[in-house]
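Peer 1: sequence first, predicted coordinates after that:
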Amino acid sequence: MIGKPNSSPVWTVNAHFLRSCLGFGVAWIFWEKAPSEPSPLHFIAGVFALAGAISALKGTWHAFKYIRALRKWAKFKAQGVAPKADKLASKNDLRTKGLIK
């Protein structure tokens with residue numbers, strides 16, 4: 001891992017919740033237009049409501065996975081210490097080691 005987790009899961013979560021809202025909205029429209037006795041419009045509304053519920057569950061699951069990945073990343077970053085640079089070798093150090101004259 002070079003950087004933190006990418007933001008494409010955010011788009012996935014938003015797409016699932018948008019699809020859920022559209023499914024519930026279309027289901028509500030069909031339910032309102034249906035007559036009071038059972039009709040095919042009630043069945044269509046039920047199918048759209050079920051699709052909306054499934055999409056809402058998927059969005060919630062993807063949001064949970066993304067939050068868990070962010071927490072794992074934060075835990076991973078907290079494990080190490082800040083990188084420290086070694087001091088540069090001076091001419092005296094190099095002379096004592098016999099690397100230069």
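Peer 2: Received it, and whenever you're ready, just let me know what you need.

Peer 1: top helix in the protein by residue count?
Peer 2: The residue-count maximum for a helix in the chain (DSSP state H) belongs to helix 40-79.

Peer 1: quick check: mean pLDDT of whatever helix or strand comes next after it?
Peer 2: Using DSSP states H and E, the helix or strand that follows helix 40-79 in sequence is helix 91-96. On average, the pLDDT along helix 91-96 is 88.

Peer 1: ok, residues contacting helix 91-96?
Peer 2: Helix 91-96 is contacted by residues 100, 101 when judged by C-beta atoms under 8 Å, 6 or more residues apart in numbering. Any C-beta I mention is one placed from the backbone N, CA and C, and that applies to glycine too.

Peer 1: for that helix, C-alpha coordinates in PDB please.
Peer 2: Written as PDB, here are the backbone C-alpha positions of helix 91-96 (Å, rounded to 0.1, in the frame of the first residue of the first chain):
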ATOM      1  CA  LYS A  91      35.400  13.700   5.800                       C
ATOM      2  CA  ASN A  92      36.900  12.800   9.100                       C
ATOM      3  CA  ASP A  93      34.600   9.700   9.400                       C
ATOM      4  CA  LEU A  94      35.600   8.600   5.900                       C
ATOM      5  CA  ARG A  95      39.300   9.100   6.600                       C
ATOM      6  CA  THR A  96      39.200   7.100   9.800                       C
END
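
Peer 1: mind listing what's buried in it?
Peer 2: For helix 91-96, the buried set under the neighbour-count rule, 16 or more other C-beta atoms under 10 Å, is empty.

Peer 1: which SS class is residue 24?
Peer 2: Here residue 24 is helix, with the state taken from DSSP: H, G, I helix; E, B strand; the rest coil.

Peer 1: for it, the count of nearby residues, please.
Peer 2: With neighbours defined by other C-beta atoms under 10 Å, the count for residue 24 comes to 18.

Peer 1: contact partners for it?
Peer 2: By C-beta under 8 Å, 6+ apart, the residues touching residue 24 are 48, 49, 52.

Peer 1: and it, what's its pLDDT?
Peer 2: Looking at residue 24, its pLDDT reads 97.

Peer 1: what packs against the longest helix of the chain?
Peer 2: With contacts defined as 3 or more C-beta pairs under 8 Å, 6 or more residues apart in numbering; DSSP states H and E, helix 40-79 has these neighbours: helix 8-33.
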